[in-house]
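A.B. asks: Generate coordinates for the sequence data below:
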Amino acid sequence: PQLLQIKKTSLRLESMMDTIRKQIRFDQNKTNVDLLQEIRDIIYITRYLHIKNNVEVELVSDNKTHFINTNKAILNHVVHNLFSNACEACLLTAKEQKKVSVFVGYQNGLTYISVVDNGIGISDILKEKIFEPFYSSKTNQNGNCGIGLASAKHSGEKHRSGKLFCESQENIGTTMTIII
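C.D. replies: Sure thing, here's the model as predicted:
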């Protein structure tokens, strides 16, 4: 059973690396993507972030099938960045119950993904800066260079004509929503 789990994880990581390679080459090939499955895969692949640190994760959907015609690499990049940031924000809070929820829905002809955390939140001053390239509120301990949110916003908005929004309250948490 453990060997099978390792093999599954390896195959998923290989698939993710392939999509990253395509994104780096600016491969704009679009395909029908099962949005919920992609998000499940991202949650599974990054489980070390939430399991090790006792962050509860939930995926909530409006129970509709969400296939979208998009570049899979860009979608993975955007969602992975939002999800990872949410998990990291939870680690910085003193709250006992740390939680990240990913909501997927369809409203007014548009698909949305909201990543909600109960982490430390973002001040109004920092909300104006978080999408700037090379800006980061995090320390540089983990090789962080401040391009994640800027890149996610640019990729999501340029590729899908989407919009990325941030709502946050200090010491309460943050909601990042991309409408595509």
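
A.B. asks: Going by secondary structure, residue 151 is in what exactly?
C.D. replies: Per DSSP states H and E: residue 151 is located in helix 148-160.

A.B. asks: and that helix, what other elements does it pack with?
C.D. replies: When contacts are defined as 3 or more CB pairs under 8 Å, 6 or more residues apart in numbering; DSSP states H and E, helix 148-160 sits against helix 72-91, strand 163-169. For every residue, glycine as well, the C-beta is placed using N, CA and C.

A.B. asks: Check which residues of the longest strand out of those in the chain are buried.
C.D. replies: Ranked by residue count, the top strand of the chain under DSSP state E comes out as strand 98-107. For strand 98-107, burial by neighbour count (16 or more other CB atoms under 10 Å) applies to 98-104.

A.B. asks: what angle separates that strand from helix 72-91?
C.D. replies: Taking axes from the mean of the first three to the mean of the last three CA atoms, to 10 degrees, one finds strand 98-107 and helix 72-91 inclined to each other by 140 degrees.

A.B. asks: which helices and strands sit right next to strand 98-107?
C.D. replies: The helices and strands touching strand 98-107, judged by 3+ CB pairs under 8 Å, 6+ apart, are helix 35-45, strand 55-61, helix 72-91, strand 110-117.

A.B. asks: Quick check: which of the helices and strands packed on helix 148-160 is buried the most?
C.D. replies: When these are scored by mean count of other CB atoms under 10 Å, the highest mean neighbour count falls to helix 72-91 (a mean of 23).

A.B. asks: Compute the inter-axis angle for that one and helix 148-160.
C.D. replies: Interaxial angle, helix 72-91 versus helix 148-160 (the same axes, to 10 degrees): 150 degrees.

A.B. asks: May I have helix 72-91 as PDB, with CA atoms only?
C.D. replies: Provided in PDB are the C-alpha atoms of helix 72-91 (Å, rounded to 0.1, in the frame of the first residue of the first chain):
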ATOM      1  CA  LYS A  72      -3.900  23.500 -17.400                       C
ATOM      2  CA  ALA A  73      -0.400  24.800 -16.400                       C
ATOM      3  CA  ILE A  74      -1.600  28.300 -15.800                       C
ATOM      4  CA  LEU A  75      -4.600  27.100 -13.900                       C
ATOM      5  CA  ASN A  76      -2.400  24.900 -11.700                       C
ATOM      6  CA  HIS A  77       0.100  27.700 -11.100                       C
ATOM      7  CA  VAL A  78      -2.700  30.100 -10.000                       C
ATOM      8  CA  VAL A  79      -4.500  27.700  -7.700                       C
ATOM      9  CA  HIS A  80      -1.300  26.200  -6.200                       C
ATOM     10  CA  ASN A  81       0.000  29.700  -5.300                       C
ATOM     11  CA  LEU A  82      -3.300  30.800  -3.700                       C
ATOM     12  CA  PHE A  83      -3.600  27.500  -1.800                       C
ATOM     13  CA  SER A  84       0.000  27.400  -0.600                       C
ATOM     14  CA  ASN A  85      -0.200  31.000   0.600                       C
ATOM     15  CA  ALA A  86      -3.400  30.300   2.500                       C
ATOM     16  CA  CYS A  87      -1.700  27.300   4.300                       C
ATOM     17  CA  GLU A  88       1.300  29.400   5.100                       C
ATOM     18  CA  ALA A  89      -0.800  32.200   6.500                       C
ATOM     19  CA  CYS A  90      -2.500  29.700   8.900                       C
ATOM     20  CA  LEU A  91       0.900  28.700  10.200                       C
END
